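Colleague: for reference, the sequence and a predicted model appear below.
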Amino acid sequence: MTNQLQTAESSSTVLEQLRGKHVLITGTTGFLGKVVLEKIIRAVPDIGGIHLLIRGNKRHPNARDRFLHEIATSSVFERLRKDDNEAFESFIEERVHCVTGEVTEPRFGLPVERFSALANRVDAFINSAASVNFREELDKALAINTLCLNNVVQLARQNREMAVIQVSTCYVNGKNSGQVTESVIKPAGDDIPRSTSGHYEIDELVRLLEDKIADVRSRYSGKVLEKKLVDLGIEEANRYGWSDTYTFTKWLGEQLLMKALEGRALTIVRPSIIESALEEPAPGWIEGVKVADAIILAYAREKVTLFPGKRSGVIDVIPVDLVANAIILSLAEALAEPARRRVYQCCSGSSNPITLGEFIDHLMAESRSNFAAYDQLFYRQPTKPFIAVNRKLFDVVVGGLRVPLSMTSRVLKLLGQDRELKTLRNLDTSRSLATIFGFYTAPDYIFRNDELKALASRMGELDRLLFPVDAAQIDWSVYLRKIHLAGLNQYALKERKLYSLRSAKARKKAA
């Protein structure tokens with residue numbers, strides 16, 4: 001692809017706009033952030049520089065060290081290494097700049113001079129840092145998904161030409177039903193005042209949430225405090241129209257940025273359920289177990305046979321490479337036409353829908369016919385079906401079965417048998433997964449991406465080829481049965497021996 005990019009660069013809007021530009025990115029220790037970083041390195045060879053804000057940890061307090069050991073060694077870069085390892089090493093040595101900082105701290109924890117220098121050096125900021133834990137403690141979710149954006153605003157105010165790309169989620173839609181467009185989302189629950197500019201005024205709500213957090217902290221400690229903060233997050237999310245703390249605090253973050261950066265270059269990119277790559281950097285590439293995968297894995301290990309869900313509902317899944325491409329397209333547009341607010345949804349539901357029933361059927365068909373090909377996923381051929389039922393029936397069945405099984409378990413323990421019943425464990429697994437993911441498997445909404453498709457059309461044919469975003473190209477049978485399951489098996493579940501950048505350099509010098 002490199003030669004193709006070089007010969008076509010003059011006719012590519014994206015490559016033209018990003019040439020010589022400096023981009024700051026957060027969240028590159030995560031799944032999506034890595035794919036965005038890889039695609040920019042591979043597809044935008046003339047970018048001026050990539051700056052990565054990375055929090056140090058105990059093993060690697062310095063951002064550069066953490067990058068070299070935990071990010072640069074990722075299998076996401078195998079294609080780049082295989083194509084031209086020397087060029088890849090040179091790129092990260094010369095044009096990847098690591099900044100040790102914390103997105104939730106004022107000025108990212110940087111000295112005033114360093115923060116100002118960073119603001120004046122970068123042309124755009126892609127913020128993909130987030131807590132994606134659906135049941136996060138409210139204070140933590142609020143800090144990283146909402147309040148840290150004040151620090152992003154602080155950076156942007158020091159450079160009025162800077163474009164800000166905020167990665168959000170389609171599920172800021174909350175409990176609204178019907179067609180969900182690329183616009184400001186109205187809460188489905190308690191009223192929140194709305195400004196004449198279109199965003200919602202959240203300052204008073206955030207202060208109220210902080211007061212409630214402080215009250216809980218004053219009365220509890222330890223593990224009890226953690227649970228109470230989780231419960232508070234779910235309670236408040238439900239009150240205002242969301243199913244979980246993650247989507248609630250991401251919606252709050254959108255409103256904060258819309259108000260603070262009004263009249264500035266702000267683009268909000270909302271992906272739906274992000275799963276393994278369709279094509280790039282390799283078909284099926286994935287890191288860790290994502291939303292749908294927790295249920296797939298539980299079925300594969302025969303822990304779940306019954307799950308609450310709506311078979312006719314459209315489950316909106318989108319490959320990670322299409323999301324990364326949407327971010328890069330929107331970045332190029334924001335640099336070309338600043339001083340505008342844009343919202344793009346990267347999703348499949350409106351252009352290439354797949355129902356939950358079809359999703360399950362593909363999974364079961366592949367497990368019956370080809371389970372042995374996925375040795376890390378299926379330990380043996382599943383013998384039980386995977387049945388989606390409505391939530392009320394699920395609760396009745398699971399609750400009804402659990403009572404006698406719990407009594408049997410207690411009797412066995414009294415008799416000196418400490419082994420927990422396998423069926424009881426499996427029921428608890430089903431109930432736990434249902435608590436976390438049940439909302440997403442019974443959808444009554446369709447996410448639309450008309451604006452994103454229009455953006456791709458404006459960019460032209462070449463950029464649609466280099467940075468595809470349209471889910472219409474997905475063959476769900478091939479993707480789910482051959483690409484995604486194979487990716488889970490190879491990348492998410494199998495322990496891989498990772499390539500060491502430094503050891504490669506050592507071998508090169510020794511030669």
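Modeller: Received it, and whenever you're ready, just let me know what you need. Quantities reported herein were computed from a predicted structural model and do not represent experimental measurements. Residues are numbered from 1 along each chain as shown.

Colleague: name the next helix or strand downstream of the worst-scoring helix or strand of the chain on mean pLDDT, please.
Modeller: The weakest-scoring helix or strand in the chain, judged by mean pLDDT, DSSP states H and E, is helix 2-8 (a mean of 43). As assigned by DSSP states H and E, the chain's next helix or strand after helix 2-8 is helix 13-18.

Colleague: may I have that following helix as CSV, with CA atoms only?
Modeller: Provided in CSV are the C-alpha atoms of helix 13-18 (Å, rounded to 0.1, in the frame of the first residue of the first chain):
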residue,chain,number,x,y,z
THR,A,13,-7.5,15.2,0.7
VAL,A,14,-6.5,13.3,3.9
LEU,A,15,-2.8,13.0,3.0
GLU,A,16,-2.7,16.6,1.8
GLN,A,17,-4.3,17.9,5.0
LEU,A,18,-2.2,15.9,7.4
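
Colleague: which stretches in the stretch 101-250 of the chain count as helices?
Modeller: With DSSP state H, counting those that start in this stretch applied, the stretch 101-250 of the chain shows helices at 112-121, 138-142, 149-157, 203-219, 222-240, 245-260, listed in chain order.

Colleague: now do the same contact list for Glu161.
Modeller: Residues near Glu161 by CB atoms under 8 Å, 6 or more residues apart in numbering: 123, 265, 338. For glycine as for every other residue, the C-beta is placed from the backbone atoms N, C-alpha and C.

Colleague: I'd like those as a markdown table, with distance to Ala143, pLDDT and neighbour count appended.
Modeller: Formatted as a markdown table, those follow (distance: CB to CB, whole Å; pLDDT from 0 to 100; neighbours: other CB atoms under 10 Å):
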| residue | distance to Ala143 | pLDDT | neighbour count |
| --- | --- | --- | --- |
| Asp123 | 27 | 97 | 22 |
| Ala265 | 25 | 90 | 24 |
| Pro338 | 29 | 82 | 17 |
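
Colleague: now for the helices of the stretch 101-250 of the chain, which one comes closest to Ile185?
Modeller: Across the helices of the stretch 101-250 of the chain, Ile185 has its closest neighbour in helix 245-260 (6.3 Å, CB to CB).

Colleague: break the chain down into its domains, please.
Modeller: By the assignment in automatic domain parsing, the chain contains the domains 10-30+101-272+317-349+448-473, 283-315+351-444+475-511.

Colleague: would you tell me which one of those is buried the most?
Modeller: For the domains of the chain, ranked by mean neighbour count under the definition mean count of other CB atoms under 10 Å, the leader is domain 10-30+101-272+317-349+448-473 at a mean of 19.

Colleague: output the below-cut-off pLDDT ranges for the stretch 301-450 of the chain.
Modeller: With pLDDT under 70 as the threshold, the stretch 301-450 of the chain has low-confidence stretches at 390-391, 393-437.

Colleague: circling back: how about a markdown table for the helices of the stretch 101-250 of the chain, with distance to Ser12 and mean pLDDT added?
Modeller: Compiled in a markdown table, the helices of the stretch 101-250 of the chain are given as follows (distance: least, CB to CB, whole Å; pLDDT from 0 to 100):
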| stretch | distance to Ser12 | mean pLDDT |
| --- | --- | --- |
| helix 112-121 | 25 | 96 |
| helix 138-142 | 38 | 97 |
| helix 149-157 | 27 | 96 |
| helix 203-219 | 42 | 98 |
| helix 222-240 | 42 | 96 |
| helix 245-260 | 29 | 97 |
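
Colleague: a markdown table for those helices, including distance to Pro308?
Modeller: Written out in a markdown table, the entries for the helices of the stretch 101-250 of the chain read as follows (distance: least, CB to CB, whole Å):
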| stretch | distance to Pro308 |
| --- | --- |
| helix 112-121 | 47 |
| helix 138-142 | 24 |
| helix 149-157 | 34 |
| helix 203-219 | 29 |
| helix 222-240 | 17 |
| helix 245-260 | 18 |
